[in-house]
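Trainee: Provide a 3D model corresponding to the input given below.
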Amino acid sequence: MEREWKPGERAYHHGREGYEETLAKAAPIVQERLDAMVDRARGESGAVVEKLMAEATSRRDFLLAGDELDWGWDGSDVVVSHKRVTQATELPHLRATDWARGQLGQRLRVPAAFMEGLVEEARQTFSDGQPKPVAVMARGTLHDLLDGLKYRWDDKRVLLREVDGAVRGLLSDSYQPVDQSALVKGFVETCHAVGSRGGVEVLPLSGSYMTEKAYGLRALRAEIIEPLPNEPMVLGVQLSSSEYGAGSTEIKLTLTRMWCTNTAIGESVLRKVHLGAGLRESGGGLIEFSERTLRLNSAAVVSGMRDAVASVLCEGGRDKVVAQIREAADSKVDAKALAEGAARRGVLRKSDVERVVDLVKNEDRFDILPNTTNRESRLRYANALTWFAHGKPADERLSLEAEAGRVLVG
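Mentor: Next up, the predicted model:
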């Protein structure tokens, strides 16, 4: 890449020491990290988009009476069968993904952790393949719970979404579809348009993730901001969406600290938009969404997306974030109380609470945390969370980054 961070050109400096001095120290390292991060992320994001489009092509939707679904245990997983599904897929049953099992737990009013614990115990076997005593008990409990599902649908229909022989999501019959290819295209075009109007390039597909229940794509504002001395950061946005009931389409602010490439994710700035009716049965329980519905729904979301992206990445949005970061650097918090609260809500592992607190109070690792005067500042605590997000499974990492964003900028 040819982009460079040069004095008076790309950096937005708020430090107290000399501008030239600060840039001379940080510029080469920060620019190298930013370029490498964007180059790597674009390849990964392209793969996510390709997988997303392939999934949309292979996915099949069934609109079925909830009390007609036959849930059970096949010896290794929770499965469901229905004569219409079997006729369409030529499979005796479909496996429920972790997310779909969690949705069943919600229907049964059973905590997700309890449901997953039962599944884990039910899978325990001896070396000869025979179930252990704890597995026999767990399977019995699962059988009773799953058998009771037939009474939990209130005579309502459920939209079952299948991909590669697995139930990826269970949605209501009022689900409103959006064409994800149009959404991704609209996101890329919006980023380019906002960059052109604002005079600072916006780099779409500069980060991504994809899980069995949701996906996200990120874009970066190609301008290094420095809210505090020697604290280079990059502002961005994240498009996230789920076609399996794990959340609506959202646009969220992202903030990446370039010394350690920790990222915090703020609250959604995309207001809910009205979407029209969408389900249409095509026979045998299979569902097709009309092209007109997909087009209108996608257009409504993309329209709202343009405003949301612009509000985050414009100069006014940048200045607001800079002010919030400086305030967070001066705000003292009780790191232990915040970490314990996050653990109680399931955001942070209990085993990581003391480690997070110790890191917040560490005076030497400026490469991990901002070197603020206040050792227990909101800024340091938020960065400690994002540091611990490194290497975690995608869903856990995103929860920690979102918690950091909530603490940092709301």
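Trainee: which strand in this structure has the most residues?
Mentor: Assignment by DSSP state E gives strand 215-226 as the longest strand of the chain.
Trainee: what's that strand packed up against?
Mentor: The contact analysis (3 or more Cβ pairs under 8 Å, 6 or more residues apart in numbering; DSSP states H and E) places strand 215-226 against strand 11-13, helix 19-58, helix 180-198, strand 202-210, strand 233-241, helix 291-313, helix 315-330. In this view, the C-beta of every residue, glycine as well, is placed from N, C-alpha and C.
Trainee: give me the secondary structure label for the residue lying farthest from the centre of the chain.
Mentor: For the chain, the C-alpha farthest from the mean C-alpha position belongs to Asp128; by Cα atoms, centre = their mean, that distance is 40.2 Å. Secondary structure, DSSP: H, G, I helix; E, B strand; the rest coil: Asp128 is coil.
Trainee: now it: phi and psi?
Mentor: Main-chain dihedrals, Asp128, degrees, to the nearest 10: phi -90, psi 0.
Trainee: quick one: closest of the helices and strands packed on strand 215-226 to Gly165.
Mentor: With respect to Gly165, and counting by Cβ to Cβ, the nearest of the helices and strands packed on strand 215-226 is helix 19-58 at 10.4 Å.
Trainee: mind giving me the packing neighbours of the closest one?
Mentor: Contacts defined by 3+ Cβ pairs under 8 Å, 6+ apart place helix 19-58 against strand 11-13, helix 180-198, strand 202-210, strand 215-226.
Trainee: can you do 10 Å?
Mentor: Here helix 19-58 touches strand 11-13, strand 157-163, helix 180-198, strand 202-210, strand 215-226, strand 233-241, strand 250-257, going by 3 or more Cβ pairs under 10 Å, 6 or more residues apart in numbering; DSSP states H and E.
Trainee: that older thread, out of the helices and strands packed on strand 215-226, which comes closest to Arg109?
Mentor: Of the helices and strands packed on strand 215-226, nearest to Arg109 by Cβ to Cβ is strand 233-241, at 27.2 Å.
Trainee: which strands border the closest one, and is each parallel or antiparallel?
Mentor: Sheet partners assigned to strand 233-241 using DSSP bridges are listed as strand 215-226 (antiparallel), strand 250-257 (antiparallel).
Trainee: looking at the helices and strands packed on strand 215-226, which is closest to Ala65?
Mentor: helix 291-313 (22.9 Å).
Trainee: buried stuff in that closest one?
Mentor: By neighbour count on 16 or more other Cβ atoms under 10 Å, the buried set for helix 291-313 is 293-294, 297-298, 300-302, 304-306, 308-313.
Trainee: one more: stretch 147-167?
Mentor: Leu149, Trp153, Arg157, Val158, Leu159, Leu160, Arg161, Glu162, Val163, Ala166, Val167.
Trainee: what is the mean pLDDT for it?
Mentor: Averaging pLDDT along stretch 147-167 gives 88.
Trainee: can I get it in CSV, CA atoms only?
Mentor: Provided in CSV are the C-alpha atoms of stretch 147-167 (Å, rounded to 0.1, in the frame of the first residue of the first chain):
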residue,chain,number,x,y,z
ASP,A,147,-40.8,-34.5,24.3
GLY,A,148,-42.4,-31.5,26.1
LEU,A,149,-41.6,-29.2,23.2
LYS,A,150,-44.8,-30.3,21.4
TYR,A,151,-46.7,-28.4,24.1
ARG,A,152,-44.7,-25.2,23.8
TRP,A,153,-45.6,-23.9,20.4
ASP,A,154,-49.2,-22.7,21.2
ASP,A,155,-50.4,-24.0,17.9
LYS,A,156,-48.1,-21.7,16.0
ARG,A,157,-46.0,-22.4,13.0
VAL,A,158,-42.2,-22.2,13.1
LEU,A,159,-39.8,-21.3,10.3
LEU,A,160,-37.0,-23.9,10.3
ARG,A,161,-33.9,-22.9,8.4
GLU,A,162,-31.7,-25.8,7.2
VAL,A,163,-28.1,-25.8,5.8
ASP,A,164,-26.2,-28.9,5.0
GLY,A,165,-28.4,-31.2,7.1
ALA,A,166,-28.4,-29.0,10.2
VAL,A,167,-31.0,-26.8,11.8
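Trainee: enumerate every residue touching Ser196.
Mentor: Val202 (Cβ atoms under 10 Å, 6 or more residues apart in numbering).
Trainee: quick one: residues contacting the residue nearest to Asp67 when sequence neighbours are not counted.
Mentor: Nearest residue to Asp67 in three dimensions, chain neighbours excluded: Lys150, at 4.6 Å (Cβ to Cβ, 6 or more residues apart in numbering). By Cβ under 10 Å, 6+ apart, Lys150 lies in contact with Ala65, Gly66, Asp67, Glu68, Leu69, Asp70, Trp71.
Trainee: re earlier: by how many degrees do the longest strand of the chain and helix 315-330 diverge?
Mentor: 80 degrees (axes from the mean of the first three to the mean of the last three Cα atoms, to 10 degrees).
Trainee: so for strand 215-226, mean pLDDT?
Mentor: The average pLDDT within strand 215-226 is 88.
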